[in-house]
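Trainee: the sequence isn't on hand, but the structure is:
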């Protein structure tokens, strides 16, 4: 299915009219094939004979007819993106010219590349591991600073490094365990059981932390969910509109999100937040309203950050009581709560100070309290900074390694299960061969992440998300 | 208005998501500015210190944060498209990354380029003359083989060469005429009047031929107009549909044409033909139908090729009579007529042969006669070949130099008028200074074409048609 014996070509720039378009040709025969249609200035000689990493102004010919004046970039194996000989033709961005040059390459012996096939070759040639391949696709589709950062970190191999180290440690230990099997009659222990236990615990800890980061990685790509909660008439909707209005221009730029999401998505300094308006919280006997309030609590549980909106007439005891219920609904995870004291424009500065003092007295030391006017927009920057700070804590918490890919998450979870069996087996004095089997399984799943172990179906799923020409 | 003292940058690939995007930075400070954000592998040192025409895998940094892994192409003045130091950054085709890199370049001291500003710099630096500049824009927007060929020929300077030679000859002669003025009291003739007359005639001939080619150039860009003419019920509309149906896929690919034009545009091996259906020709007293027939004759006059449709029941005399009227309506120019004998499926092969023999007897030797069935599509390829042949004759007739630009056309016409005044003046023994004035005027207009003489308004008009990044 995934050959690298032939030479492939594709248009690598976005479709349509532009100043420049790039046509890429990669494979064992790339120089000869491209050389058939590319004519360098006479003094330079043949394309094949030029040194690697050089640029050449030249002309593309169809027989005796000039198709375009182009700039040719020459790469030689293994020093290219794909790891193969590669020619990149930078031509005028006319769709007609792009099509003609592509046709000429095909006529000269190249094949049209499938989606992501240049990157596939890079993987097959060991230039990229599988997480880096996936990062390339994520990078191209990343639309925010946070998702870009995660993808870039992954593409530079940060994620694989951690996984590979763990895998190597496990391999060493399992070899020792397996060595014992050869000497089974002598009842020796090459692999120190307490050291093995410590290693399994360490690895389990790291994998759990990686696996937990998936929730964050997922929200970074989709936008960090922020629930706005409060009593009816506390000014939740005005606050939501204020946040949305401020960012309307940026919101409308984001493509590919559904209409619902667009309306609720804001971007503060490159980080996406998904704003979730909720039904006002109050005691009610109305069945439908009860249902709405029930769903509010669900949304609080799903949100990473909750903005609790009060107004200057709210009673401190009630605020504390609601805060406790919100914390309970948020669950055990390290989630964030920002308390907004709305309608500050309705009281004098002196009165506001008194209210804030009373509130601070009943709230915990680390609670974030922001006086604000949703009506006038006063102190909105403070709220935005608080949102940024909250996600900043989240982002650094995981040592910058963040899982965004469901495939990685599943492999990590599978590896964790195998490690748990190994740990349990170790404690109950399991035979070496069964222990080794569980550890081998964990090693297998970790290898799946980096692509040391893979299959056509997995590769097919990964590359179907690529554009042609990458 | 048109400075080249600062450094400009722009995204040069089409907008949107793709595998690769190119960001171009050109100007006296391009290497230093790009060098601020681009970090080469440590062993290579600084970007500024690399040799020209080399490629460098590197990383783009925003402070300490990696924005992308990129391929950098380095060009040094004067050996670049713009003639200036130029850095082309080939990054991942994420709109987010493209935007960030552009922002970083601007923060580092570059300015966003205006439409066509890189090409403008190429012109200001003498890398391209004005006809070549215009050819770049034409080339990018060319959607057919013919329009591409004309633009490519022009971009390679074929057109300017002819103009420049003529202009130089005129300059020599007018200098001689002006020299006479210094010696006016001695009544000498440095410029041989008969030689001057011969030169003016020669130049007038060449310019006329160029100017005439404008009609062809124009039709090549818009599609060669083909009128389909015939009596009612001869099968004109069926033939039109047949031609259109065969090419539907290609027609629908052509963007930017109005709906009307799309429906009537076909492309045969890369040449566009604009099919014009006409009202059936017959004697009528109906006022409205008369108007329709009147317009048919107008369209025949405008078309480059007329397809006269007969059927197997048409009488030879009538065909000849109609043919004569068509030729008259086509005017003096070298236009083409193709006679299609439709409904060949309704007669036996023997009968068809007899009809063809009778027709050939009354038609001229060089008339193209094609038996065809619009209903079954039989012999359609013969008709398409005849259309191709007709425009082939047209295309080679002008020695491959074809004017497509209305600015060139106007300058040629102005030059021709000045030349005519000079010729007339020469014949009527005009004084040297008036003669010289007319010739100088012709020289001026020829200089306008190549851009040796220009002004901001002309340049503004030319560059407003460019995309940003070119």
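Mentor: Everything's here; your move. The shown structure was predicted, so the numbers you read here are calculated from the model rather than taken from an experiment.

Trainee: am I right that residue A:25 sits in a strand?
Mentor: Yes: Residue A:25: assigned to a strand according to DSSP: H, G, I helix; E, B strand; the rest coil.

Trainee: doesn't residue A:87 make contact with it?
Mentor: Yes: when contacts are counted by C-beta atoms under 8 Å, residue A:25 is listed as touching residue A:87 (4.7 Å). Every residue, glycine included, has its C-beta placed from N, CA and C.

Trainee: find residues that contact each of those two.
Mentor: residue A:34 (C-beta atoms under 8 Å, 6 or more residues apart in numbering or on different chains).

Trainee: show me chain A divided up by domain.
Mentor: Domain assignment of chain A by automatic domain parsing yields the ranges A:8-127, A:135-217+A:405-451, A:223-395.

Trainee: now the terminal residues of the shortest one, how far apart.
Mentor: End-to-end distance of domain A:8-127: 17 Å, with C-alpha to C-alpha, to the nearest Å as the criterion.

Trainee: just to be sure, residue A:56 is in a strand?
Mentor: Yes: counting by three-state DSSP, one finds residue A:56 located in a strand.

Trainee: so what touches stretch A:428-438?
Mentor: Residues lying outside stretch A:428-438 but in contact with it, judged by C-beta under 8 Å, 6+ apart, are A:174, A:177-178, A:180-181, A:184, A:418-419, A:421-422, A:424-426.

Trainee: what about those residues, which one has the most neighbours?
Mentor: The member of the contacts of stretch A:428-438 surrounded by the most neighbours (other C-beta atoms under 10 Å in any protein chain shown) is residue A:422, with 29 neighbours in all.

Trainee: which residue would be the closest one in the stretch 151-300 of chain A to chain B?
Mentor: Among the residues of the stretch 151-300 of chain A, residue A:152 lies nearest to chain B; the distance is 5.5 Å by C-beta to the nearest C-beta.

Trainee: helix or strand: which one has that residue?
Mentor: Assignment of secondary structure by DSSP states H and E places residue A:152 within helix A:145-155.

Trainee: helix or strand right after that helix?
Mentor: Using DSSP H and E, the helix or strand that directly follows helix A:145-155 along the chain is helix A:158-182.

Trainee: pretty sure residue A:20 contacts residue B:10?
Mentor: No: Residue A:20 is beyond contact range of residue B:10, at 10.4 Å (criterion: C-beta under 8 Å).

Trainee: hmm, back to that, deepest of the domains of chain A, which one?
Mentor: Sort these by mean neighbour count, taking mean count of other C-beta atoms under 10 Å in any protein chain shown, and domain A:8-127 sits at the top with a mean of 20.

Trainee: surely residue A:30 and residue A:82 touch.
Mentor: No: when contacts are counted by C-beta under 8 Å, residue A:30 is not listed as touching residue A:82 (9.2 Å).

Trainee: from residue A:303, how far off is residue A:324?
Mentor: Computed with C-beta to C-beta, to the nearest Å, the distance linking residue A:324 and residue A:303 is 17 Å.

Trainee: and residue A:446, by the same measure?
Mentor: Taking C-beta to C-beta as the measure, residue A:446 falls 32 Å from residue A:303.

Trainee: circling back to that earlier point, what would the domains of chain A look like in JSON lines with mean pLDDT?
Mentor: Below are the domains of chain A laid out as JSON lines (pLDDT from 0 to 100):
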{"stretch": "domain A:8-127", "mean pLDDT": "94"}
{"stretch": "domain A:135-217+A:405-451", "mean pLDDT": "86"}
{"stretch": "domain A:223-395", "mean pLDDT": "77"}
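
Trainee: can you pull the contacts of the nearest residue to the residue of the stretch 151-300 of chain A closest to chain B once chain neighbours are set aside?
Mentor: The spatial neighbour of residue A:152 that comes closest, neighbours along the chain excluded (C-beta to C-beta, 6 or more residues apart in numbering or on different chains), is residue B:66 at 5.5 Å. Remark: with contacts taken as C-beta under 8 Å, 6+ apart, residue B:66 is in contact with A:152, A:156, B:59, B:60.

Trainee: who's residue B:66 bridged to?
Mentor: Per DSSP bridges, residues listed as beta-bridge partners of residue B:66: residue B:61.

Trainee: what about it, distance to residue A:53?
Mentor: 21 Å.

Trainee: which ones are touching the nearest residue to residue A:373 once chain neighbours are set aside?
Mentor: Leaving aside its sequence neighbours, residue A:373 sits nearest to residue A:345 (C-beta to C-beta, 6+ apart; 4.1 Å). The neighbours of residue A:345, taking C-beta under 8 Å, 6+ apart as the test, are A:373, A:375, A:376, A:378.

Trainee: and the gap between residue A:345 and residue A:230?
Mentor: When residue A:345 is compared with residue A:230 (using C-beta to C-beta), they lie 17 Å apart.

Trainee: cool, and residue A:89?
Mentor: Note on residue A:89: its distance to residue A:230, by C-beta to C-beta, is 60 Å.

Trainee: okay, strands next: where are they in chain A?
Mentor: Using DSSP state E, the strands assigned to chain A run over residues A:8-11, A:20-26, A:38-39, A:54-62, A:65-75, A:86-92, A:111-112, A:224-230, A:265-268, A:271-277, A:305-311, A:336-342, A:368-371.

Trainee: and the first one, what other elements does it pack with?
Mentor: In other words, strand A:8-11. strand A:20-26, helix A:95-107, strand A:111-112, helix A:117-124 (3 or more C-beta pairs under 8 Å, 6 or more residues apart in numbering or on different chains; DSSP states H and E).

Trainee: now do the second one against strand A:65-75, angle only.
Mentor: Interaxial angle, helix A:95-107 versus strand A:65-75 (axes from the mean of the first three to the mean of the last three C-alpha atoms, to 10 degrees): 70 degrees.

Trainee: just the first one next, same as before
Mentor: Orientation of strand A:20-26 against strand A:65-75 (the same axes, to 10 degrees) gives an angle of 70 degrees.

Trainee: and strand A:20-26, how far out from the chain middle?
Mentor: Mean-position distance between strand A:20-26 and its chain equals 28 Å (C-alpha atoms, centre = their mean, to the nearest Å).

Trainee: from residue B:240, how far out is the residue nearest to residue A:373?
Mentor: Between residue A:345 and residue B:240 the distance, using C-beta to C-beta, works out to 72 Å.

Trainee: again with residue A:303
Mentor: Distance check for residue A:303 against residue B:240: by C-beta to C-beta, it reads 64 Å.

Trainee: repeat that for residue A:213.
Mentor: In terms of C-beta to C-beta, residue A:213 sits 65 Å off from residue B:240.

Trainee: can you list the domains of chain A in a markdown table and add distance to residue B:390?
Mentor: Supplementary listing: the domains of chain A in a markdown table, determined by distance: least, C-beta to C-beta, whole Å:
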| stretch | distance to residue B:390 |
| --- | --- |
| domain A:8-127 | 20 |
| domain A:135-217+A:405-451 | 48 |
| domain A:223-395 | 47 |
